[in-house]
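1. build the 3D model from these lines:
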Amino acid sequence: MNRRVFLMSGTAAALARPIFADAVPVIKVLKSPTCGCCTAWVEHVRQAGFAVEAQDIDQDALYAFKDRLQIAPELAGCHTAVVGDYFIEGHVPASDIKRLLAEQPVARGLTVPGMPMSSPGMGGAGAGDIFDTLLVGSDGATSVFASHS
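-> Numbers count the residues shown, from 1 in each chain. Just a heads-up that it's a prediction; the model follows:
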């Protein structure tokens, strides 16, 4: 292979790579302005390398948003986020969000229902609760995506 062919093949390979392949996903979070655990979760996600756009809204607007996303009340957490085509409900660990985006399953999103004490933003590992992150399928059915102790 001569130098010109070698250089051109490298250029072609670089151009074939998607321009935004390494872009940081933006997580858009809707939360209550008075909720400290939501703010702590936002910080957890930022520290994991995500870009975060957090918006404080009143509870009625937050519940309406959850309804639009068809998040069942039993799956709800205290804040709701969207990243790509997925919703992220409640105190989902950033590692689970990264896995979701890497694997891209056919699903609506992830949820950690309620507010488990050992989830990110609620006290962290060792705070007491064992919890599961649930994957919400297109049909609304759930399955365990990850278990945390």
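2. poorly predicted segments of the chain, please.
-> Along the chain, segments meeting pLDDT under 70 span 1-22, 124-127.
3. which residue is nearest the middle of it?
-> Ile97 (4.1 Å; CA atoms, centre = their mean).
4. helices or strands next to the helix or strand encompassing that residue in the packing?
-> Applying DSSP states H and E as the criterion places Ile97 in helix 94-103. Counting contacts by 3 or more CB pairs under 8 Å, 6 or more residues apart in numbering; DSSP states H and E, helix 94-103 packs against helix 36-47, strand 86-90, strand 109-112, strand 142-148. Using the backbone N, CA and C atoms, a C-beta is placed for each residue, glycine as well.
5. what do you get if the cut-off is 6 Å, keeping everything else the same?
-> Helix 94-103 sits against no helix or strand, with contacts defined as 3 or more CB pairs under 6 Å, 6 or more residues apart in numbering; DSSP states H and E.
6. what comes up buried for it?
-> Ala94, Asp96, Ile97, Leu100 (16 or more other CB atoms under 10 Å).
7. ok, now stretch 42-57?
-> Val42, His44, Val45, Phe50, Val52, Ala54, Ile57.
8. now the buried residues of helix 94-103 in TSV, with distance to Val82?
-> Shown next, in TSV, are the buried residues of helix 94-103 (distance: CB to CB, whole Å):
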residue	distance to Val82
Ala94	15
Asp96	15
Ile97	11
Leu100	12
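9. widest-spaced pair of those?
-> Ala94 and Leu100 (10.5 Å; CB to CB).
10. what is in contact with the two at once?
-> With contacts defined as CB atoms under 6 Å, 6 or more residues apart in numbering, no residue is shared by Ala94 and Leu100.
11. could you find the closest non-adjacent residue to Ile57?
-> Leu30 (5.4 Å; CB to CB, 6 or more residues apart in numbering).
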